[in-house]
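**Q** Sequence first, then the predicted structure:
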Amino acid sequence: MFDEVTKVDIEKMQAELEYRITVLRPKILEEVKFTRSFGDLSENFEYHAAKRERGKNESRIRYLRNMIKTAIVIDATSSADEVGLFDTVDYYVEEDDCVETVRIVTTLRQNSMQGIISKESPLGTALMGKKENERIYVKVNSDYGYYIVIKKITKGEDDKSLEIRKY
């Protein structure tokens, strides 16, 4: 995997892992035991739902452990005049004649529907390290790309407010 994450990402993953192991796992196991007592397991919806929930939890535990073990911890600092992690960027899209705003984050905390994009996305990659008024080509794939101009960079910090992706 080797995802690049910040110290805060690691802390959030460790907190979720601890919760899933110490709180959620025992609760789900009790639910499985309880629903097993309902009788015929082949027609016991509650039992199958509880087992499915246990599987989801165990899968997430494995994912978090693997992420913590293999992640590369990066520093989120950048120069005051260039785009870095957790910065908010206003940019002009020449093709659409409009201004848009995004915040650059680690892949683990992206949410494109809220304008929170990964530094590894095509737009995030193009923006990282650039300065105000720079004209940049964003290559989406081998057939398509577009030009943008950075209008404003608002420096941000890793403030723990962004949740990590659930799945």
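**A** Noted; the coordinates are in hand.
**Q** just for this structure, where's the confidence low?
**A** 1-2, 167 (pLDDT under 70).
**Q** at 50 what do you get?
**A** Along the chain, segments meeting pLDDT under 50 span 1.
**Q** remind me, longest helix of it?
**A** What stands out as the longest helix in the chain, according to DSSP state H, is helix 45-70.
**Q** And that helix, what's buried?
**A** The neighbour-count check on helix 45-70 (16 or more other Cβ atoms under 10 Å) flags 47, 50, 51, 54, 57, 60, 61, 64, 67 as buried. Every residue, glycine included, has its C-beta placed from N, CA and C.
**Q** Quick check: which helices or strands does that helix pack against?
**A** On a contact count with 3 or more Cβ pairs under 8 Å, 6 or more residues apart in numbering; DSSP states H and E, helix 45-70 meets helix 7-19, helix 25-36.
**Q** among those, which is the most enclosed?
**A** helix 7-19 (a mean of 16; mean count of other Cβ atoms under 10 Å).
**Q** From the chain's centroid, how far away is that helix?
**A** 13 Å (Cα atoms, centre = their mean, to the nearest Å).
**Q** Repeat that for stretch 151-161.
**A** 16 Å.
**Q** repeat for stretch 139-150
**A** 23 Å.
**Q** quick thing: my sequence starts at 43, can you match it?
**A** Okay, residue one is now 43; in that scheme the one you just asked about reads as stretch 181-192.
**Q** Just the endpoints, please. Distance across it?
**A** Criterion Cα to Cα, to the nearest Å; first-to-last residue distance in stretch 181-192 is 16 Å.
**Q** Contacts for that stretch next, please.
**A** 125, 131-137, 164-165, 168-169, 172-180 (Cβ atoms under 8 Å, 6 or more residues apart in numbering).
**Q** how about that stretch: buried residues?
**A** Using 16+ other Cβ under 10 Å as the burial criterion, the residues of stretch 181-192 that qualify are 188, 190, 192.
**Q** likewise stretch 146-159?
**A** Across stretch 146-159, burial judged by 16+ other Cβ under 10 Å covers 146, 147, 148, 149, 150, 151, 152, 158, 159.
**Q** What is the nearest of those to residue 116?
**A** Of all the buried residues of stretch 146-159, residue 148 has the smallest distance to residue 116: 7.9 Å, by Cβ to Cβ.
**Q** tell me the domain ranges of the protein?
**A** 46-115, 130-196 (automatic domain parsing).
**Q** For the nearest residue to residue 100 once chain neighbours are set aside, which residues are in contact?
**A** Leaving aside its sequence neighbours, residue 100 sits nearest to residue 67 (Cβ to Cβ, 6 or more residues apart in numbering; 7.9 Å). When contacts are counted by Cβ under 8 Å, 6+ apart, residue 67 touches 99, 100, 103.
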